[in-house]
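Q: Give me the fold of what follows.
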Amino acid sequence: MASFDPARLDGQAALVTGASSGIGRASAIALAAAGASVAVNYRGSPDQADAVVAEIEKAGGRAVAVQADVSKEDAVMAMFEAAEDRLGPLDIVVSNAGIQKDAKIAEMTLDDWNAVISVNLTGAFLVGREAIRRFRAKGRRPDVSRALGKLVFDSSVHQLVPWAFHVNYAASKGGIHLLMRSLAQEVAEEGIRVNAVAPGAIATAINAEERQDNSTGIEKLIPYGRIGDPDDIGRIVAWLASDAADYIVGQTIFADGGMSLYPGFRGNG
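A: Numbers count the residues shown, from 1 in each chain. Modelled structure (predicted):
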C-alpha cells in the first residue's frame with residue numbers, strides 16, 4: 001500500500017490572486033503540480049492568465065482563469081463565487097496580487113499612496129476575509145486536509161527592512177504582516193491556518209527596471225549571492241498549503257537569500 005504524502009494537495013481547490021505572472025504564476029503552477037485544481041486570478045491580462053491555465057493543463061492539472069480587481073469588494077466576492085462554481089469549495093487561498101508606484105516622499109502623490117495600499121493591503125484584507133468565510137461554509141474535509149482552510153499571504157522582505165523611496169509599498173507589506181498574524185490569532189482555533197511568505201529580490205516584471213540598473217548593486221544585499229526565481233517562492237507556497245506544514249500557524253517564511261540579515265552591517269555593527 002502506498003503511503004500518504006503530506007506534501008500532496010490532491011482533491012483540493014486553490015485560488016491564487018495576481019496569478020497571471022511572476023510569483024502568482026509560479027505559486028499557481030506549484031500548487032497544481034502538487035495536485036490542487038487552481039483558479040488563476042488576473043486583473044487585466046487575460047492572455048497571460050490563459051497561458052498559465054494552458055501550462056497547468058498541459059502538465060495534467062486542472063485550472064481556470066478568473067478576472068477581478070482585488071481592491072474592489074464586489075469583484076472579490078464575484079471572483080470567489082466564480083472559482084467555486086467551477087472548481088468546488090476552496091481549500092487554499094493565496095493572496096498575492098500587488099503593485100508598486102515608487103516615488104520620493106516629497107513627490108509621492110495621494111493617488112500613488114492610495115493605489116498601492118488599495119491593492120496590496122486592502123486587497124489582502126478583502127481576499128483574506130472572503131477566504132475565511134468560504135472555509136467556514138465549506139466545513140472540514142479530513143480526507144483531503146487536516147486544516148479547515150489554508151490562507152497564505154505574499155508579503156515582502158520589506159515588511160521588516162525599511163525601504164526609502166518606496167514608503168507606500170513598505171507600509172502595505174508591514175500592514176500585511178500584522179493582518180496575517182492577527183487573522184491567524186483569530187481563526188486558528190477553527191482549524192484555519194494563516195501564514196505568509198516574504199520574498200526578497202525575485203526576478204519578476206515588477207522589479208525588472210531596478211534589476212537592469214546595475215548601479216543598485218542588489219546582489220551585494222543578498223548574502224547567498226543570487227537573485228531569487230519565482231519558483232523559489234511558489235514551492236514554499238505549495239508547501240505551506242500542505243499538511244507537511246500543518247503545525248505552522250501565524251508565521252512568515254522569509255525567502256530572501258539572507259537580505260533580512262542586513263549584510264551591510266557584517267563586521268560593522
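Q: what are the ranges of the strands in this protein?
A: Defined through DSSP state E, the strands belonging to the chain, from first to last, are 13-16, 37-42, 63-67, 92-95, 149-154, 192-199, 252-255.
Q: a markdown table for the ones you listed, including mean pLDDT, distance to Arg25 and mean neighbour count?
A: Quick note: C-beta positions are derived from backbone N, CA and C, even for glycine. Putting those into a markdown table (pLDDT from 0 to 100; distance: least, C-beta to C-beta, whole Å; neighbours: other C-beta atoms under 10 Å) gives the following:
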| stretch | mean pLDDT | distance to Arg25 | mean neighbour count |
| --- | --- | --- | --- |
| strand 13-16 | 98 | 8 | 30 |
| strand 37-42 | 98 | 8 | 28 |
| strand 63-67 | 98 | 11 | 22 |
| strand 92-95 | 98 | 11 | 30 |
| strand 149-154 | 98 | 12 | 28 |
| strand 192-199 | 98 | 14 | 25 |
| strand 252-255 | 98 | 16 | 20 |
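Q: would you list these in CSV and tack on distance to Ile222?
A: Shown next, in CSV, are the strands of the chain (distance: least, C-beta to C-beta, whole Å):
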stretch, distance to Ile222
strand 13-16, 26
strand 37-42, 29
strand 63-67, 32
strand 92-95, 24
strand 149-154, 19
strand 192-199, 12
strand 252-255, 11
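Q: ok, which stretches of the stretch 151-269 of the chain are helices?
A: Taking DSSP state H, counting those that start in this stretch as the criterion, the stretch 151-269 of the chain contains helices spanning 167-187, 208-212, 230-240.
Q: and the first one, which residues are buried?
A: By neighbour count, with 16 or more other C-beta atoms under 10 Å as the criterion, the buried positions of helix 167-187 are 167-177, 179-181, 183-184, 187.
Q: now stretch 74-91
A: The neighbour-count check on stretch 74-91 (16+ other C-beta under 10 Å) flags Ala75, Val76, Met79, Phe80, Ala82, Ala83, Glu84, Leu87, Leu90, Asp91 as buried.
Q: before we move on, back to that, using CSV, please lay out the helices of the stretch 151-269 of the chain together with mean pLDDT and distance to Asp69.
A: As requested, the helices of the stretch 151-269 of the chain are arranged in CSV below (pLDDT from 0 to 100; distance: least, C-beta to C-beta, whole Å):
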stretch, mean pLDDT, distance to Asp69
helix 167-187, 98, 16
helix 208-212, 59, 23
helix 230-240, 98, 22
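Q: Turn those into CSV, columns for distance to Ala34.
A: Written out in CSV, the entries for the helices of the stretch 151-269 of the chain read as follows (distance: least, C-beta to C-beta, whole Å):
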stretch, distance to Ala34
helix 167-187, 22
helix 208-212, 28
helix 230-240, 5
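Q: so what's Leu240 up against?
A: Remark: with contacts taken as C-beta atoms under 8 Å, 6 or more residues apart in numbering, Leu240 is in contact with Lys150, Val152, Asn195, Val197, Ile248, Ile253.
Q: Closest one to Asp112 out of the residues you listed, please.
A: Set against Asp112, the nearest of the contacts of Leu240 by C-beta to C-beta is Val197 (25.6 Å).
Q: so what's the closest one bridging to?
A: Counting by DSSP bridges, Val197 forms beta bridges with Asp154, Ile253.
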